[in-house]
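In: what's the 3D shape of this:
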Amino acid sequence: MGSISPSILQIGGTVGMVAIALLAMLIRFKTRNRPINAKRIIIPPLGMSTGFFMFVVPEVRIPLLWALAAFLVGWFIFSYPLIKTTKFETVGNEIVVQQSRMFFFILLGLLAVRFLLHQVIEHYITIPQTAALFFILAFGTLLHWRVNMLSRYKRLVQPQIPLEEAGGPS
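Out: Sure thing, here's the model as predicted:
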């Protein structure tokens, strides 16, 4: 039994990446009018965190500095458009995420940037290491976006205390 050729891995990875992006867009479209709660905000990064089990496999491991750099790029750069375009609105007694027309284009843009970077990076490191870097970048993106969403959500649902009761000026 021989090993799988790098070109087959590359094609499979690209098809998988596009499929996951399309699935994310479909899920986002289907959940557009559903009320949001803290659990729905927290579950995606928790679910995604199971991907860190990939580092059990030695071929996937990368230097800690690379992992930190990928995480920070996701946290500070890639999450920014998602944070800026995610808005909440109150519908009756429920809070829903307002649909942004830009969300679809932002995801396509992030996908294109990821694909272009992938084409450059794969010339210097192995395909499994490239996958690890982009997983960590995506995790940093998702985590920052969801932490921001949770913070804003909590401010919306937090009962407003009148200034007099909060010890403010009367």
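In: mind exporting the helix or strand residue 47 falls within as PDB, just the C-alpha atoms?
Out: If you go by DSSP states H and E, residue 47 is part of helix 38-49. C-alpha atoms of helix 38-49 as PDB (Å, rounded to 0.1, in the frame of the first residue of the first chain):
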ATOM      1  CA  ALA A  38     -25.200  32.300  25.100                       C
ATOM      2  CA  LYS A  39     -25.200  28.600  24.400                       C
ATOM      3  CA  ARG A  40     -25.500  29.100  20.600                       C
ATOM      4  CA  ILE A  41     -22.600  31.600  20.800                       C
ATOM      5  CA  ILE A  42     -20.300  29.400  22.800                       C
ATOM      6  CA  ILE A  43     -20.900  26.000  21.200                       C
ATOM      7  CA  PRO A  44     -19.100  26.600  17.800                       C
ATOM      8  CA  PRO A  45     -15.700  27.400  19.300                       C
ATOM      9  CA  LEU A  46     -16.100  24.500  21.800                       C
ATOM     10  CA  GLY A  47     -16.900  22.100  19.000                       C
ATOM     11  CA  MET A  48     -14.100  23.400  16.900                       C
ATOM     12  CA  SER A  49     -11.600  23.000  19.800                       C
END
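In: If I follow the layout properly, residue 71 ends up in contact with residue 138?
Out: No. Using C-beta atoms under 8 Å, residue 71 is not in contact with residue 138; the gap is 9.8 Å. The way it works is simple: take the backbone N, C-alpha and C, and place the C-beta from them, glycine included.
In: tell me what the one helix or strand residue 119 maps to is packed against?
Out: Assigning secondary structure by DSSP H and E places residue 119 in helix 102-121. When contacts are defined as 3 or more C-beta pairs under 8 Å, 6 or more residues apart in numbering; DSSP states H and E, helix 102-121 packs onto helix 6-30, helix 79-85, helix 127-157.
In: Spatially, what comes nearest to the one residue sitting closest to the centre of the chain if we skip its sequence neighbours?
Out: Central residue check for the chain by C-alpha atoms, centre = their mean: the C-alpha nearest the mean position is that of residue 142, 2.4 Å away. Closest residue to residue 142 apart from its sequence neighbours, by C-beta to C-beta, 6 or more residues apart in numbering: residue 45 at 5.4 Å.
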